[in-house]
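**Student:** quick one, structure for this:
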Amino acid sequence: MIIICFSIFTKAQTVPVHFGIDPGVALSKASYKPFSGDRRVWAGFDGGALVEIGGKILRFQGEVNLSMNGVELNTGTSEWTIKNSYVNVPVLAKLKLKGISFLTGPQMDFLLSAKSDTSGSNSGSVDVKDQFKSSGFEWVFGSEIRITKEFFLGIRYTLGLTNISERLNFEMKNRYVSFRIGYMLDKLMKKK
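**Tutor:** So this is what the prediction gives:
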């Protein structure tokens, strides 16, 4: 809602507004304490819609994303995976240079689902949403390379700043790298 209202306001003030999409994949390896075994990377979807507001060099980018991240844990005798799905709302400052952009800023996460899979178990996925907080706070660092006027490639590192666990006996923080392929919708919107 804030992104839409801000984009309408800035459009009225003749500040350039650009819309886009950037689906991709996240490779996550959440921190999990205490744990003495192996933490392994888990891959899931990461991406969504964006609005970019500002001048030629400094811009602000608001997004609404869906991300699936977690961690695979292995003790040597047992193995299980924790998979969480979130709606992410980052607000990023974006520095645009020739063909490359750098971005950073805070991100709020809102938990949609949390599942745990244990290898060798016949029970399948177990719902563990009640063991996680409904929201979390992270910081995003990233860069984008413009391929054409519309297409770009992006890479990001998202660092979890808050413990997302509701349980007293362990702490978990989201951490993941995401790779995205983006498309700016300006050309399509002008045709309409």
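**Student:** ok, now which ones touch Gly70?
**Tutor:** Taking C-beta atoms under 8 Å, 6 or more residues apart in numbering as the criterion, Gly70 is in contact with Ser28, Ala30, Trp42, Gly44, Thr81, Ile82, Lys83, Asn84. The way it works is simple: take the backbone N, C-alpha and C, and place the C-beta from them, glycine included.
**Student:** Leu92 - how many residues pack around it?
**Tutor:** The number of residues packed near Leu92 is 22, by other C-beta atoms under 10 Å.
**Student:** among the contacts of Gly70, which ones are in strands?
**Tutor:** Using DSSP state E, the subset of these located in strands is Ser28, Trp42, Gly44, Thr81, Ile82, Lys83, Asn84.
**Student:** show me what stretch 26-41 is in contact with.
**Tutor:** The contact list for stretch 26-41 (C-beta under 8 Å, 6+ apart) reads 42-46, 67-76, 82, 158, 160, 170-179.
**Student:** what mean pLDDT does it have?
**Tutor:** Averaged across stretch 26-41, pLDDT comes to 77.
**Student:** ok, now how distant is the residue lying farthest from the centre of the chain from Thr118?
**Tutor:** In terms of distance from the mean C-alpha position of the chain, Thr77 ranks first, at 31.9 Å (C-alpha atoms, centre = their mean). Distance, Thr77 to Thr118, by C-beta to C-beta, to the nearest Å: 12 Å.
**Student:** same check on Val128?
**Tutor:** 11 Å.
**Student:** would you agree Ile100 is in contact with Ser143?
**Tutor:** Yes - if you go by C-beta atoms under 8 Å, Ile100 and Ser143 touch, sitting 6.3 Å apart.
**Student:** okay, the two: which has more neighbours?
**Tutor:** Remark: of Ile100 and Ser143, Ser143 carries more neighbours, 17 against 12, as counted by other C-beta under 10 Å.
**Student:** list the residues that contact the more buried one.
**Tutor:** Contact partners of Ser143, counting by C-beta under 8 Å, 6+ apart, are Ile100, Ser101, Phe102, Leu103, Gly154, Ile155.
**Student:** tell me which of those is nearest to Val51?
**Tutor:** Leu103 (13.4 Å; C-beta to C-beta).
**Student:** and the closest one, what are its bridge partners?
**Tutor:** Under the criterion DSSP bridges, Leu103 forms beta bridges with Lys94, Gly142.
**Student:** neighbours around the nearest residue to Arg167 once chain neighbours are set aside, how many?
**Tutor:** Closest residue in space to Arg167, ignoring its immediate chain neighbours: Gln131 at 5.5 Å, by C-beta to C-beta, 6 or more residues apart in numbering. The tally of other residues near Gln131 (other C-beta under 10 Å) stands at 15.
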